[in-house]
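# Whatever this is, show me its structure:
(chains A and B, ligands or ions: 1)
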Amino acid sequence: MSDLKEIFVNTQHCTGCLSCKLACAVQHSKNKDLFSALSQDPKPKSRLYVEWLWGNTKVPVLCRHCEDAPCVNACISGAITRAENNAVITNTDKCIGCWTCVMVCPYGVIGRDKDLKIAYRCDRCPDQDHPACVDACPTEALTYATVDKFSAEKRQAASREVAQGQGG
Amino acid sequence: MGRKYVIVGGSAAGMAAAHTIRKKDRNGNITVLSNEKAQPYFRPMIPYIINGKKRPDDIFLSGSGIFTQGGISVKTGFGAKSIDFQKKTVTTASGEAFLYDKILFSSGSTPYLPENIEGLDSEGVFSLKTLSDAQGMAKRSETATHVVMLGGGILNLKAAFALLEKKLSVTMVVYSPEVLSQLMDPKDAFPIRNALDNAGLNIITGISATQVLTDSSGVCGVALDNGSQIACQMVCVGKGVVPDTGFLNGNDIKIDKGIFSDPYTQTSIKDAYTAGDVAVAIDPVTGEKTVTSLWTHAVEMGICAGLNMTGSKTVYTGTLGIMNATQVADVPLVSMGIVHTKNSEYETHAKKTRLTYRKIVFSKDGTRLIGALFIGDIKNAGIYRYVIREKKNINGIKSHLINHTVHYGHFMQP
Ligand SMILES: Cc1cc2nc3c(=O)[nH]c(=O)nc-3n(C[C@H](O)[C@H](O)[C@H](O)COP(=O)(O)OP(=O)(O)OC[C@H]3O[C@@H](n4cnc5c(N)ncnc54)[C@H](O)[C@@H]3O)c2cc1C
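This next block holds a predicted model:
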């Protein structure tokens, strides 16, 4: 297995504080600092989501950068590629906002930027050692680690579970 | 000597197969025959050639997305003319012969041109299918001031907007009661129709053309079945597409609308495979055979065919017959699965707001999600596609599906 790192989610640790969302939005803002991010117009966007479930479970939902990513296959403009760090990224110059990726993503983690009219998604913060969301998480609900064999199997099982078989 | 793979048609399906084969079989010889002059490109991007927002080299496949492998010989300008399945040879229109061990038919589709409209072969009449069609339209639109679009499908809408952006006046003649009738019931199309009207597209419905009128410079008008005529210098026909099986003989290989495919993308003949617009696939919702025109499906089926051709047996689980996402006149739209519910017994839930509309369709007994239409707000559309495709159990989440509050967390094991 390679030493490429991935973001892992442990829902049991998530308190729903939303620090990750804030950090993500700031990291993807123009100046990458909180104060100018707050006044940026249009507002910078978080690329991960925290959903609430029955009981009081909070679920951070973020791009899995799937092995066999449906969005890469579906993109009609060639904007979606796999980067060297194994992240699936959207090239904003090539994206035309056709929303095909939004239609095929089983996790619902590709957003629609209404101002720029293009899709946005997690890029795993390529300029940083750690993704901003992971750094911001106070409870280790989000961790950034290499894929050891065990978790690789877990992740593959998860992506098989959703993107089952080959199908359009 | 490596295995010889020949691929007929170098677009979404053919090139997805070629790149998949390359990854799996390092020694194989991969030859792609394409009867187009241009190297393979993202076909859905050609409207941007009409309005000049992209140049051809902006839209070539090579190096983007899954199309990153090398060592694939793409022979542009080579049309397959006949196949000898005994001798395992393809002969091209120019007389060359290619031997194969495995062959893929990925020849896609061609525009359907209705026979009851006269003069469709006139200069200035187009159907938007290839890069060269788009270049021809771009050229004609330099001098034309008025274009008539025949057909109100999604391709013609894209072409219409490209021409509107070039400041042509555009009239769309639609035989159906409303535009986009393939993707939604007429009464569901109102938000789109409003946006189209506001964008300056002139739409007339319930009318069809009978004849293209010409003078010495080609098209000069269109005659309609209500007796009126519209003057124009350009016509664009968008009446759907049909599988392109012209080079095959139905006595040799099973063709039923498109090329028959078994669950492993193999045709009725051993070592011959098919994928994309030309192939017949199964719709997992209706269980029926379907021929579609979807880039996403062509790529996925092409990948699957590539795997099978290298010996990795992989089932193609089919495609929803309707699975379209787009943005028309600044309005995002997703239509998937069964969305035509007029006079049906499906359980449907529609919700209209000032700027959005959605319709969620369940099976008659209400236990399965079978279709969804989103206009204006397409959030989490992929989750709906997943539930439709995989026939997910919707116990406990049905109200979230109806109210558009569903999220991925709902599918996690507790
Ligand atoms: C303007 C436009 C916009 C579109 N937008 C979308 C969209 O937004 N979303 C979407 O899902 N789909 C879209 N589509 C549809 C999508 O492009 C097709 O479904 C897809 O290209 C099908 O791929 P394919 O490989 O099966 O066949 P095709 O793309 O049709 O390619 C087949 C190729 O084979 C060649 N060929 C045919 N016969 C021979 C022969 N005998 N020898 C050699 N070569 C041959 C053809 O010339 C062609 O190059 C759009 C199509 C158009 C035209």
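
# The chain: helices as residue ranges?
Assuming you mean chain A. Using DSSP state H, the helices of chain A run over A:19-27, A:34-39, A:70-74, A:100-104, A:132-136, A:149-162.

# Oops, wrong one, chain B.
Under DSSP H, chain B gives helices at B:12-24, B:47-50, B:131-143, B:154-165, B:190-198, B:295-309, B:381-389, B:398-403.

# Can I get those helices in JSON lines including mean pLDDT and mean neighbour count?
C-beta coordinates here come from the backbone N, C-alpha and C atoms, glycine included. Shown next, in JSON lines, are the helices of chain B (pLDDT from 0 to 100; neighbours: other CB atoms under 10 Å in any protein chain shown):
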{"stretch": "helix B:12-24", "mean pLDDT": "98", "mean neighbour count": "26"}
{"stretch": "helix B:47-50", "mean pLDDT": "98", "mean neighbour count": "23"}
{"stretch": "helix B:131-143", "mean pLDDT": "98", "mean neighbour count": "17"}
{"stretch": "helix B:154-165", "mean pLDDT": "97", "mean neighbour count": "23"}
{"stretch": "helix B:190-198", "mean pLDDT": "95", "mean neighbour count": "17"}
{"stretch": "helix B:295-309", "mean pLDDT": "98", "mean neighbour count": "29"}
{"stretch": "helix B:381-389", "mean pLDDT": "97", "mean neighbour count": "25"}
{"stretch": "helix B:398-403", "mean pLDDT": "97", "mean neighbour count": "16"}
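
# Adding distance to the ligand as columns, could you present those helices in CSV?
As requested, the helices of chain B are arranged in CSV below (distance: least, CB to the nearest ligand atom, whole Å):
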stretch, distance to the ligand
helix B:12-24, 4
helix B:47-50, 5
helix B:131-143, 8
helix B:154-165, 5
helix B:190-198, 15
helix B:295-309, 3
helix B:381-389, 13
helix B:398-403, 24
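
# Among the ones you listed, which comes closest to chain A?
Chain A lies closest to helix B:295-309 among those, at 2.9 Å (CB to the nearest CB).

# how far off helix B:12-24 does that closest one point, in degrees?
Between helix B:295-309 and helix B:12-24, the angle comes out at 40 degrees (axes from the mean of the first three to the mean of the last three CA atoms, to 10 degrees).

# thinking again about what came up before, quick check: which of the helices of chain B is nearest to residue B:116?
Distance to residue B:116, taken as CB to CB, is lowest for helix B:154-165 among the helices of chain B, at 18.0 Å.

# for that closest one, packing partners?
For helix B:154-165, the packing partners by 3 or more CB pairs under 8 Å, 6 or more residues apart in numbering or on different chains; DSSP states H and E come out as helix B:47-50, helix B:131-143, strand B:146-150, strand B:169-174, strand B:234-237, strand B:323-328.

# Distance-wise, check the residue in the stretch 201-350 of chain B positioned nearest to the ligand relative to residue B:318.
Nearest residue of the stretch 201-350 of chain B to the ligand, counting by CB to the nearest ligand atom: residue B:276, 2.2 Å away. Residue B:276 sits 13 Å away from residue B:318 when distances are taken as CB to CB, to the nearest Å.

# repeat for residue B:16
16 Å.

# same question, residue B:231
For residue B:231, the distance to residue B:318 - CB to CB - is 46 Å.

# So if I had to pick from these two, which one is more boxed in?
Comparing residue B:231 with residue B:318 by other CB atoms under 10 Å in any protein chain shown, the one with more neighbours is residue B:318, at 26 against 12.

# which residue sits closest to that one in space, ignoring its chain neighbours?
The shortest distance from residue B:318 to any non-neighbouring residue, by CB to CB, 6 or more residues apart in numbering or on different chains, is to residue B:282 (3.8 Å).

# tell me which helix or strand of chain A sits lowest on mean pLDDT?
Within chain A, no helix or strand scores below helix A:149-162, which has a mean of 50 by mean pLDDT, DSSP states H and E.

# if we can go back for a sec, ok, now which ones touch the residue of the stretch 201-350 of chain B closest to the ligand?
B:9, B:11, B:12, B:13, B:14, B:106, B:108, B:297, B:298, B:301, B:302 (CB atoms under 8 Å, 6 or more residues apart in numbering or on different chains).

# Enumerate every residue touching the third one.
Going back to what we said before, that points to residue B:12. With CB under 8 Å, 6+ apart, residue B:12 has these contacts: B:43, B:106, B:108, B:276, B:295, B:298, B:299, B:302.

# per-residue pLDDT, the third one?
Read it as residue B:108. In this model, residue B:108 is scored at 98, pLDDT.

# Surely it and residue B:11 touch.
Yes: Residue B:108 lies in contact with residue B:11 (CB atoms under 8 Å); the separation is 5.6 Å.

# Show me the strands in the stretch 1-150 of chain B, by range?
B:4-8, B:29-34, B:73-76, B:80-84, B:89-92, B:97-99, B:102-105, B:109-111, B:125-126, B:146-150 (DSSP state E, counting those that start in this stretch).

# Of the ones you listed, flag the one that's most buried.
Comparing the strands of the stretch 1-150 of chain B by mean neighbour count (mean count of other CB atoms under 10 Å in any protein chain shown), strand B:102-105 ranks first with a mean of 29.

# what is the rounded mean pLDDT of that one?
98.

# what's it packed up against?
strand B:4-8, helix B:12-24, strand B:272-274, helix B:295-309.

# What's the local residue count around residue A:20?
By the measure other CB under 10 Å, the count of residues near residue A:20 is 27.

# Grab the most central residue of chain B for me.
The centroid of chain B falls nearest to residue B:293 when counting by CA atoms, centre = their mean (2.8 Å).

# ok, that residue touching residue B:110?
No: if you go by CB under 8 Å, residue B:293 and residue B:110 don't touch, sitting 10.7 Å apart.

# Can you pull the residues that touch both of the two?
With CB under 8 Å, 6+ apart, residue B:293 and residue B:110 have common neighbours residue B:241.

# residues in contact with the nearest residue to residue B:219 once chain neighbours are set aside?
Residue nearest to residue B:219 in three dimensions, not counting chain neighbours: residue B:124, with 3.5 Å by CB to CB, 6+ apart. Counting by CB under 8 Å, 6+ apart, residue B:124 makes contact with B:140, B:144, B:214, B:217, B:218, B:219, B:233, B:234, B:235.

# Tally up the residues packed near the fourth one, please.
When neighbours are defined as other CB under 10 Å, residue B:217 has 11 of them.
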